[in-house]
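Chemist: got a sequence here, can you model it:
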Amino acid sequence: MSMPSSFASERPVVRLKPKANARAIRHGFPWVYDNELVTDRRTKALAPGTIAVLEDDKRDPMGLVATNSHSKIFCRMLERDLDAQIDQAWFEAKFARALAMRERLYPSPFYRLIHAEADGLPGVVVDRFGEVCVVQPNAAWADTLIEPLVAALVAVTGVSCVIMNGSGRARSLEGLEERMEVMVGQAPAGPVPVKMNGATYMADLTGGQKTGLFYDQRPNHAFAAQLCKDAKVLDVFSHVGGFSLAALAGGAAHATAVDGSTAALELAQAGAAAAGVEARFDTRKGDAFEVLTALQEEGAQFDVVICDPPAFAPSKAALEKGLRAYERVARLAAPLVAEGGYLGLCSCSHAADVARFRGASLRGIGRAGRHAQLLHTGFAGADHPLMPQLAESGYLKSLFFRL
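Modeler: This is a model prediction of the structure:
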C-alpha cells in the first residue's frame, strides 16, 4: 500500500464506514454515497468541490476524490495517484486522451468530447461544435475548478469559444445554481449548422436543450435512415429533427416532426431548408401523446414511426411510472405503422435497462394488437463511451421493430 505523499497529507481525509463496498471502489466504481462515509462534523463542513483523500475503514488510502456534502454522491473518484495535482496540466492530459479517440472516429470536430466519468472527468460533459465547446459542469468540483478546466480545454483543442451551460437536473441534485456564461471568445450569433449522416442540424448553443444538440443518437439516426428510402416517416419527440432529417437524407418521400417546442421545430425547419429538403418536410406542434392519439383518429398511416422521448425514468424511484409511459408510447405509436412498416422506440433513462425497456415496448405493441420482429438494438455513439463499472453511463437504448 502506498503511503500518503507530503502533498496528499495536506489534504483533508474522508473515510469509508466498515460496511461500505470498498472492493467495488477498488475495482473502478467511481462514486461514494453519503451513507457509506463516516460523516463527522469535520467531513460535513468540507466546502462543496473540496478535493480529499479517500481512505477505507482500515485507514489505507484509496485515491483522491471530489467531495460534495450537499449531494447524495458525496465523493467522486478523480485520481488513484495520491501525488496528483488537480490543475490545468492534469485537465490537459484528460482532454488530450479524449481528443485522440474522437479525432480517430470523426472526420470533422463535431462530437461529444468528454462523457463524464467514462472520460475520467466525473460529472463533466463537453460537446464540441467546430470552433465552439459547450461545457456542462454538473458536479461541484468542476464548478470550483472551471477556470483551469476551460484553460486546458482551449490549450488542447484550440477552440475559439467556450460556453458554460450550468443548467439541468444534474446540477440541482448537486445543490448548484443555474448559470449560463460565455467563458472564452464570443458565442455564435445564431444556430450552428452540424452535418451528420448527410443531414444538417441547427444547434442553438445558448438557448437550446442541454448543449444544443444530441450527438448520442448519431448511429441510430443512421440505422433508421436505411429503413426510410421512399418512405412516409413520423418523428415524435423530434427536438430539432433528429430522426426526420436523417430520414430525408436517406431518401424518405416525406417526414413529419412532432414536438412540444416551437423553438425546436423552427430549428428543424431551418435544418430542412439548409439541406434543401423542406418541400418533403413538415412539423406538428403539440403534446406527443395528444398528437399520436389525434393521428390515429385521423386514420393516418406511416411506413416508419420513431419515438425518442425524454427520460421518463430519470431515477430508480421513477422506474415503474417511466416503464408505463414507455408502454403507452408504444401502444399509441404502433397503430400508426402501416402493415410491414417499422417502429423505432428510444429511451434515455439509465434506470430502465434494455431488458425492462424492451419488455415495456413489446407490451405496448401487443396491447395495440400488433405483432413485432425486433430488428436492431442500438446504443449511444462511440463518443459517449461506457464506463463498465457505472451502469448510468450507458443510458441510451433504441429498438427497431418491424410490425
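
Chemist: residues contacting Val32?
Modeler: By Cβ atoms under 8 Å, 6 or more residues apart in numbering, the contact set of Val32 is 14, 16, 20, 25, 54, 65, 73-77. (C-beta placed from N, C-alpha, C; glycine too.)

Chemist: ok, it to Ala274 distance?
Modeler: 47 Å (Cβ to Cβ, to the nearest Å).

Chemist: buried sites along stretch 249-262?
Modeler: 249-250, 252, 254-259, 261 (16 or more other Cβ atoms under 10 Å).

Chemist: any idea whether Gly299 is helix, strand or coil?
Modeler: What DSSP: H, G, I helix; E, B strand; the rest coil gives for Gly299 is coil.

Chemist: any idea how far it lies from Phe401?
Modeler: 21 Å.

Chemist: how about the helices in the chain?
Modeler: 6-9, 22-26, 41-44, 88-105, 140-144, 146-157, 169-173, 218-226, 242-249, 262-274, 288-297, 319-333, 354-367 (DSSP state H).

Chemist: lowest average pLDDT across the ones you listed?
Modeler: Mean pLDDT across the helices of the chain is lowest at helix 6-9; the value there is a mean of 58.

Chemist: hmm, back to that, check the buried residues of stretch 249-262 and tell me the two furthest apart.
Modeler: Gly250 and Ser261 (24.3 Å; Cβ to Cβ).

Chemist: ok, the residue nearest to Pro137 when sequence neighbours are not counted - contacts?
Modeler: Of all residues not flanking Pro137 in the chain, Asp143 sits nearest, at 4.9 Å (Cβ to Cβ, 6 or more residues apart in numbering). With contacts defined as Cβ under 8 Å, 6+ apart, Asp143 is in contact with 48-49, 137, 166, 176.

Chemist: from the residues you listed, pick the one nearest Asp83.
Modeler: Closest to Asp83, out of all of the contacts of Asp143 and judged by Cβ to Cβ, is Gly49, at 20.4 Å.

Chemist: look up the closest residue to that closest one, ignoring the ones flanking it.
Modeler: Thr144 (3.3 Å).

Chemist: list the residues that contact the residue positioned nearest the centre of the chain.
Modeler: In the chain, the residue lying closest to the centroid (Cα atoms, centre = their mean) is Asp216, at 6.7 Å. Residues in contact with Asp216 (Cβ under 8 Å, 6+ apart) are 112, 348, 380-381, 384, 396.
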